[in-house]
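>>> quick one, structure for this:
(one chain, ligands or ions: 1)
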Amino acid sequence: MNYPQSAYLHIPFCYRRCFYCDFPVVPLGDSARGEHGPGSNSIKSYLDLLYRDISLTSKGIPLATIYIGGGTPSLLSASQVASLLDHLRSHFGFQYGAEITLEIDPASFDKRSLEGFLDAGINRLSLGAQSFDDNVLRELGRSHSSNDLLEACDWIQENFKRGRLASWSLDLIRNLPGQNLIAWKRQLLKAISIAPPHLSIYDLTIEKGTVFAWRVNRGELSLPNDDLSFDISKITSQILNRAGFSRYEISNYALPGHASRHNRVYWSGASWWGFGQGATACLWGNRFSRPRTRKLYKEWLETEETTSKLGSLKSIKKSQSIPIEDLLIVGLRRREGVNMQELSKGLGWTNNQLETNTKELKMAWAYPLKKGWIKQKGWRFYLTDPEGMEISNQILVQMLEWWESLNGCSYD
Ligand code: SF4
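Modelled structure (predicted):
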């Protein structure tokens with residue numbers, strides 16, 4: 001049995017909720033801090049739950065990637081991050097050279113706490129920049145200013161150059177209300193001038209129940225239309241390719257050697273542990289989400305402690321593999337694409353079935369193949385950048401319809 005070699009830990013605290021965010025976060029106010037000040041008791045009692053959650057789980061094998069995400073994990077103090085990693089290390093062990101990532105937001109840490117995070121063992125950072133424009137940051141409801149961001153980038157880059165950090169990523173959001181090509185290009189060039197080795201670029205999505213959803217319904221936000229979105233996507237890839245970045249997944253670009261190993265686990269179909277309120281784990285093809293509220297998370301932990309379900313992993317069918325639909329979806333998001341021959345091995349197809357089913361898939365994809373939005377290399381199919389990646393949802397639907405026709409099932 002292959003035990004997971006990756007772990008995700010969720011820290012749900014933020015200063016306040018950004019206007020587009022529907023994550024399970026706990027807003028603590030603008031002066032929240034890990035060990036002292038407002039919110040500190042809430043953080044401390046949550047960390048106790050997180051330790052209990054980790055202790056409940058089967059020991060497995062040493063971890064190769066660890067990701068502390070949120071929320072705003074940099075609201076924790078350096079000593080809290082160190083204790084969390086110590087707890088995880090003493091439970092599972094860490095492999096030599098394990099990638100240990102911390103998500104951080106500008107204005108939630110200073111130079112000293114950054115050094116503390118690195119001393120604690122963090123070797124990769126993911127900085128939630130979102131934009132260098134103060135008006136945009138205000139519009140998004142972010143807690144930081146562009147000055148906070150530039151200061152944070154300086155501190156991180158200094159440590160990266162000194163070799164204290166193996167890598168770091170800067171996150172931006174595009175397709176924002178009122179954004180045009182020139183404004184986006186300016187953001188991108190600013191990001192490149194800072195020289196992060198990895199960039200995550202997310203398209204704004206309007207989630208139900210957010211301030212943005214409410215404003216869109218009132219007609220107060222004008223979002224870029226499809227043509228502009230496509231141009232924004234195209235220019236992103238052009239500029240980043242010229243700067244040496246490769247798009248290894250729909251939302252992620254990296255310089256050689258800087259693709260996130262942890263993210264690749266999510267997209268490869270491998271298992272991972274997930275700890276904390278609202279965290280998702282994927283164990284031998286089964287996905288589990290912890291409850292999204294503190295009260296329910298605590299009650300769930302108490303029940304698990306009584307029945308020891310997680311410890312024995314009795315509830316998990318260990319031989320079950322990742323659902324094929326998931327493999328198809330994550331496969332297409334990656335630069336490598338989907339390899340039909342590998343898929344067919346997992347499914348036990350004969351050579352004839354492989355040939356017939358691939359022919360049918362090509363018929364389902366006739367138009368995007370003809371337009372060059374999907375490329376074929378041997379048995380491998382992958383999306384082109386930016387054209388194919390930009391319309392990935394349509395291409396995914398066509399692929400799932402093909403899968404549905406093979407199996408006589410429905411995804412409605
Ligand atoms: S900082 Fe991130 S997780 Fe927190 S509210 Fe804003 S978008 Fe959501």
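>>> the ligand contacts on this structure?
Residues of the chain lying close to the ligand (Cβ under 6 Å from any ligand atom) are 14, 17, 18, 21, 23, 25, 70, 71, 72, 105, 128. Glycine gets a C-beta too; all of them are placed from N, C-alpha and C.
>>> which of those fall within strands?
14, 70, 128 (DSSP state E).
>>> from those, which is closest to the ligand?
For these, the residue nearest the ligand by Cβ to the nearest ligand atom is residue 14; the value is 3.3 Å.
>>> look up which residues are beta-bridged to the closest one.
Here residue 14 sits in beta bridges with residue 27, going by DSSP bridges.
>>> and for it, the neighbour number?
Residue 14 is flanked by 22 other residues according to other Cβ atoms under 10 Å.
>>> now swap in the one 10 residues further on and tell me
Other residues within reach of residue 24 by the criterion other Cβ under 10 Å amount to 20.
>>> mind listing what residue 44 touches?
Going by Cβ atoms under 8 Å, 6 or more residues apart in numbering, residue 44 touches residue 35.
>>> can you tell me which helix or strand it belongs to?
Taking DSSP states H and E as the criterion, residue 44 maps to helix 40-56.
>>> what mean pLDDT does that helix get?
If you average the pLDDT over helix 40-56, you get 93.
>>> how far off centre is it?
For helix 40-56, the gap between its own C-alpha mean and the chain's C-alpha mean amounts to 23 Å (Cα atoms, centre = their mean, to the nearest Å).
>>> repeat that for stretch 258-268.
That offset, for stretch 258-268, works out to 9 Å (Cα atoms, centre = their mean).
>>> buried residues in it?
258, 259, 260, 261, 262, 263, 264, 265, 266, 267 (16 or more other Cβ atoms under 10 Å).
>>> so which of these sit within helices?
Residues of the buried residues of stretch 258-268 located in helices (DSSP state H): 261, 262, 263, 264, 265, 266, 267.
>>> enumerate every residue touching the nearest residue to the fifth one once chain neighbours are set aside.
Which is residue 265. Closest residue to residue 265 apart from its sequence neighbours, by Cβ to Cβ, 6 or more residues apart in numbering: residue 6 at 4.5 Å. Residues in contact with residue 6 (Cβ under 8 Å, 6+ apart) are 63, 64, 65, 66, 67, 262, 265, 270, 271, 272, 273.
>>> count of residues packed around the closest residue to residue 101 other than its chain neighbours?
Nearest residue to residue 101, sequence neighbours excluded (Cβ to Cβ, 6+ apart): residue 124, at 4.2 Å. When neighbours are counted by other Cβ under 10 Å, residue 124 registers 23.
>>> what's the distance between residue 124 and the ligand?
18 Å (Cβ to the nearest ligand atom, to the nearest Å).
>>> which residue lies nearest the spatial centre of this protein?
residue 263 (6.4 Å; Cα atoms, centre = their mean).
>>> surely it meets residue 252?
Yes: here residue 263 lies in contact with residue 252, judged by Cβ atoms under 8 Å, at a distance of 6.6 Å.
>>> I'd like the buried residues of stretch 258-268 laid out as JSON lines, including pLDDT.
Below are those laid out as JSON lines (pLDDT from 0 to 100):
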{"residue": "258", "pLDDT": "97"}
{"residue": "259", "pLDDT": "96"}
{"residue": "260", "pLDDT": "95"}
{"residue": "261", "pLDDT": "94"}
{"residue": "262", "pLDDT": "94"}
{"residue": "263", "pLDDT": "87"}
{"residue": "264", "pLDDT": "84"}
{"residue": "265", "pLDDT": "85"}
{"residue": "266", "pLDDT": "80"}
{"residue": "267", "pLDDT": "73"}
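>>> that's a helix at residue 281, yeah?
No: counting by DSSP: H, G, I helix; E, B strand; the rest coil, residue 281 is not part of a helix but strand.
>>> in this structure it contacts residue 287, no?
Yes: assessed by Cβ under 8 Å, residue 281 is found in contact with residue 287 at 7.3 Å.
>>> picking that back up, what's the distance between the residue nearest to the centre of the chain and residue 256?
According to Cβ to Cβ, to the nearest Å, residue 263 and residue 256 sit 16 Å apart.
>>> again, but for residue 116
Residue 116 sits at a distance of 30 Å from residue 256 (criterion: Cβ to Cβ).
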